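# sharing a sequence plus its predicted fold:
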Amino acid sequence: MKYRMIASASAAVLIASLASGSTAQAREDVEIVGDPLLITSGDPWDPAYANAGENLRTGVGSIYIQFFGIPQGGFLCTAAAIDRNHILTAAHCVINEGDRVSRIRFIPTGVTDPSGFIDAVGFSVPDLYRAYHPFLDAFTPGDIAVIELAEDLPEGVEIYGLYRDYDEADHAVRHYGYGVSGRGNRGAVGEAGFFYARTGLNRYEDDFSPFWGGEPLFTGQLVYDYDSGGRKHNAMDWWFSGYRCGVANDNPAWAQDGQCTTFASGIYPDFKGYGKLEVGLAPGDSGGPGFIGDEIAGVHSFGFTHGCAGVTNGTDFSCGLDSSYGEMNGDTRVSVWAPWVDAVLEYGTDVPVPELVVSPGGSAEAAALSASDALFLGVTVSAPMRARVE
């Protein structure tokens, strides 16, 4: 599913409306709908959530991605600088159902002039992601990408290291993202833009393998829920305690009858979160960083939840994926993929931007780029976020 945005010609303000999406089947009885900002617990315009002041991270920025198959539009994602001319984001931001990338542009936090966008010349995505994406859609492991920029980032733009330890659950994680705003009791109802990033806290509680019955392929993804401060919205317990308690993890069926997991005492007791500073993911945060200290520990990848039909003890505040309290979020685990990132930085990206394909007549699709030079203001923009369970 993609949340479509219309960009104002007078300002980079995006107005959200819903569009239909694709589906994938993760288990026989559970439908997963796929799509990759930050949703806050308080007023999203409160300075506490601004990427400013003591929370300022100048190396976090927005990226605008266009594809040949979408000649008059593109996608908004988030990225973070990992050296002077490389940024880290999500693979699904640059892979769009087979369409070839025509242009990628990055603008760091604090730059408000559209002329400050820097074009990309190449990117790399793990082979694992390409191999599994057709089958696992929103939940594909290896949802990480390195983008190479055409020029060095300006002085003053921070560069971030990669978190390489496997103890992510022991730390507070500060998340950053551009895109749709909102509050936990309403979901994603606000606006997004290329020039305003929000930040807040959450905590990685496990990897994604318990959701898949312990399958090790999914240990490279870190999951966390969006807590309201009350037990009712403790989604980690609802979705994940079954495997940890020795009960077959075939949610949502078993969770409805109270086996093993309860809101009073479960395997994942953290339901209070970080209070006012607790945040969850929403459209436009895709590719954004989760920081442990000054190092990137996660790359925003997906979210999922349940509908209300037949669910007697669910956690979602409003039922259905809208980034409200009680929903689940997932990040690609950077500690697992750090060696791959190191290799890309050493040997170079392997996919050029644009991905030119020469026709039998000898002309290249690069001509399609001329239309994009009208600038992104005034074109249709989609902000990927990724996944829903109903």
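Structure received. Numbering: from 1, shown residues only.
# contacts only, for I118.
105-107, 149-151, 153 (CB atoms under 8 Å, 6 or more residues apart in numbering). Placement of C-beta: from N, CA and C, glycine included.
# then I95?
Applying CB under 8 Å, 6+ apart, the residues near I95 are 125, 129-130, 133.
# picking that back up, export the contacts of I118 to TSV and tack on neighbour count, pLDDT and distance to G348?
Converted to TSV, the contacts of I118 look like this (neighbours: other CB atoms under 10 Å; pLDDT from 0 to 100; distance: CB to CB, whole Å):
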residue	neighbour count	pLDDT	distance to G348
R105	25	92	20
F106	25	94	18
I107	22	91	23
L149	21	96	13
A150	14	95	14
E151	10	94	16
L153	21	94	18
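# A138 reaches F302, doesn't it?
Yes. Using CB atoms under 8 Å, A138 is in contact with F302, at 4.7 Å.
# W212: neighbour count?
18 (other CB atoms under 10 Å).
# what of G275?
12.
# against A48, how distant is the residue nearest to it when sequence neighbours are not counted?
Spatial nearest neighbour of G275, excluding adjacent residues (CB to CB, 6 or more residues apart in numbering): G229 at 6.3 Å. To A48, G229 is 16 Å away according to CB to CB, to the nearest Å.
# with D119 instead?
34 Å.
# just the pLDDT for G314.
At G314, the predicted lDDT confidence score is 74.
# next one: the one 10 residues further on
Per-residue confidence for S324 comes out at a pLDDT of 72.
# surely it is in a helix?
No. Assigned with DSSP: H, G, I helix; E, B strand; the rest coil, S324 falls outside any helix and is coil.
# that one: neighbour count?
26.
# the one 5 residues further on too?
A total of 31 residues lie near N329 under the criterion other CB under 10 Å.
# give me the nearest residue to it, chain neighbours excluded.
Once flanking residues are discounted, N329 sits nearest to L281: 4.5 Å by CB to CB, 6+ apart.
# pretty sure that neighbour is touching L321, no?
No. If you go by CB under 8 Å, L281 and L321 don't touch, sitting 10.4 Å apart.
# picking up where we left off before, of D119 and A48, which one has the most company?
A48 (16 against 13).
# over to that one. Which of the three states is it?
Classified using three-state DSSP, A48 is helix.
# quick one: pLDDT of it?
87.
# for the longest helix along the chain, list the C-alpha coordinates in PDB.
Longest helix in the chain by number of residues (criterion: DSSP state H): helix 334-347. Written as PDB, here are the backbone C-alpha positions of helix 334-347 (Å, rounded to 0.1, in the frame of the first residue of the first chain):
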ATOM      1  CA  VAL A 334      22.400  -2.500  11.000                       C
ATOM      2  CA  SER A 335      24.800  -4.700  13.100                       C
ATOM      3  CA  VAL A 336      24.000  -7.600  10.900                       C
ATOM      4  CA  TRP A 337      24.400  -5.600   7.700                       C
ATOM      5  CA  ALA A 338      27.500  -3.500   8.700                       C
ATOM      6  CA  PRO A 339      30.000  -5.700   6.800                       C
ATOM      7  CA  TRP A 340      27.900  -5.400   3.700                       C
ATOM      8  CA  VAL A 341      27.800  -1.600   4.100                       C
ATOM      9  CA  ASP A 342      31.600  -1.600   4.600                       C
ATOM     10  CA  ALA A 343      32.100  -3.500   1.400                       C
ATOM     11  CA  VAL A 344      29.900  -1.100  -0.600                       C
ATOM     12  CA  LEU A 345      31.900   1.800   0.700                       C
ATOM     13  CA  GLU A 346      35.100   0.100  -0.200                       C
ATOM     14  CA  TYR A 347      34.300  -1.200  -3.600                       C
END
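# for it, the averaged confidence score.
Here the average pLDDT along helix 334-347 is 96.
# which element is encountered next along the chain beyond it?
strand 351-352 (DSSP states H and E).
# other SSEs contacting that next one?
When contacts are defined as 3 or more CB pairs under 8 Å, 6 or more residues apart in numbering; DSSP states H and E, strand 351-352 packs onto strand 118-124.
# which strands border the strand it packs on, and is each parallel or antiparallel?
strand 101-108 (antiparallel), strand 145-149 (antiparallel), strand 351-352 (antiparallel) (DSSP bridges).
# for Y178, find the nearest of those.
strand 101-108 (9.7 Å; CB to CB).
# need the phi and psi values for the spatially closest residue to G273 that is not a sequence neighbour.
Distance criterion CB to CB, 6+ apart; nearest residue to G273, sequence neighbours excluded, is D227 at 3.2 Å. Main-chain torsions, D227, degrees, to the nearest 10: phi -90, psi 140.
# what do you get for F135?
phi -100, psi -30.
# any idea how far it lies from G330?
For F135, the distance to G330 - CB to CB - is 17 Å.
# again, but for P289
P289 is 14 Å from G330, by CB to CB.
# who's more crowded, the two?
Set P289 next to G330 and count neighbours by other CB under 10 Å: P289 wins out with 31 against 28.
# what's across from that one in the sheet?
Under the criterion used here (DSSP bridges), P289 is bridged to V299.
# dump the residue contacts of it.
P289 neighbours (CB under 8 Å, 6+ apart): 57, 60, 78, 80, 88, 160, 175-176, 296-300.
# for the residues you listed, which one is nearest W337?
Closest to W337, out of all of the contacts of P289 and judged by CB to CB, is V299, at 8.3 Å.
# picking up where we left off before, take the contacts of P289 and lay them out in JSON lines including pLDDT.
Below are the contacts of P289 laid out as JSON lines (pLDDT from 0 to 100):
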{"residue": "R57", "pLDDT": "95"}
{"residue": "V60", "pLDDT": "96"}
{"residue": "T78", "pLDDT": "93"}
{"residue": "A80", "pLDDT": "97"}
{"residue": "L88", "pLDDT": "98"}
{"residue": "Y160", "pLDDT": "98"}
{"residue": "H175", "pLDDT": "95"}
{"residue": "Y176", "pLDDT": "95"}
{"residue": "I296", "pLDDT": "98"}
{"residue": "A297", "pLDDT": "98"}
{"residue": "G298", "pLDDT": "97"}
{"residue": "V299", "pLDDT": "97"}
{"residue": "H300", "pLDDT": "95"}
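# lovely, talk soon.
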